[in-house]
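> Need a 3D model of the following:
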Amino acid sequence: MSNRTAPHILAPANLRSMYDEAVGLGKVDAYRKRRWDRASEFIPWLDEGALPDLSSDQAVRLYRASGGRDVAAFAANPIEEVRDSLDFLLYDTIKLEGRFDECASEGGAYKLDGAGKEFVSWILCLRNPTLFGVWNGNAERMLRLVRAYPESMKRGPTGIRYLDMLEALARVLVQGRLPDFIEVDIVSYVATRPKGWATQLS
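Have a look, this model is predicted:
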């Protein structure tokens, strides 16, 4: 097998050892900085009382940190719509799956141009990393590698699929003895690097 290819199957127990190796070698520092190091600055922007004052520049900073790639499309959203979408996602009283669906699904009432499940789940994780995980390509690939990708993820409303994803990520959190879903996001990043990546770069 080429050492540039991620392993086809991983034992769940190996995730923590891979994570510990990469963290110890400093190989996740840049990723963590890009994604999470400004959390203490960002979180107050999402307070219910602060959202009406969220600026367009702040919204774009959140989007970039989430890993969003279509900055031009996202920046074109009127800031009032961004505020309304985040307020609905974080503070409306309907069930999580309904809020997620309206914010992440094409045609959703609170769907923002350029933003989908990655951005929506990142915002939830940023706001409460002990409850909500990030749904992105790394997370899906990591779950497939440990044979934990839910079959139900292949169909159904986006909000229900997020609940299934969250349940699977929660098992990784528990099995890996990780403190929160931010670290699960780091594990997903590490697990989907090429085989031997951390050691090769040390």
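> From here on, just use CA atoms for contacts and neighbour counts.
Fine.
> Would you mind measuring from the most centrally placed residue in the chain to residue 21?
The chain has residue 134 as the residue nearest its centroid, 2.3 Å off, counting by C-alpha atoms, centre = their mean. Distance of residue 134 to residue 21, given as C-alpha to C-alpha, to the nearest Å: 22 Å.
> I'd like the distance from the longest helix along the chain to the chain centre, please.
Under DSSP state H, the helix in the chain containing the largest number of residues is helix 158-175. Centroid separation between helix 158-175 and its chain, computed with C-alpha atoms, centre = their mean, to the nearest Å, is 11 Å.
> Mind giving me the packing neighbours of it?
helix 12-24, helix 96-104, helix 137-145, helix 181-191 (3 or more C-alpha pairs under 8 Å, 6 or more residues apart in numbering; DSSP states H and E).
> at 7 Å what do you get?
Secondary-structure packing of helix 158-175 (3 or more C-alpha pairs under 7 Å, 6 or more residues apart in numbering; DSSP states H and E): helix 96-104.
> Using CSV, list the CA coordinates for the helix it packs on.
Only the C-alpha atoms of helix 96-104 are listed here, as CSV (Å, rounded to 0.1, in the frame of the first residue of the first chain):
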residue,chain,number,x,y,z
LEU,A,96,-32.4,20.5,16.6
GLU,A,97,-33.1,18.4,13.5
GLY,A,98,-35.6,21.0,12.3
ARG,A,99,-33.3,23.9,12.9
PHE,A,100,-30.4,22.1,11.2
ASP,A,101,-32.6,21.2,8.3
GLU,A,102,-33.8,24.7,7.7
CYS,A,103,-30.2,26.1,7.9
ALA,A,104,-28.3,23.5,6.0
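> That one packs against which elements?
Going by 3+ C-alpha pairs under 7 Å, 6+ apart, helix 96-104 lies up against helix 79-91, helix 117-127, helix 158-175.
> right, so of these, which gets closest to residue 66?
Among the helices and strands packed on helix 96-104, the nearest to residue 66 by C-alpha to C-alpha is helix 117-127 (5.6 Å).
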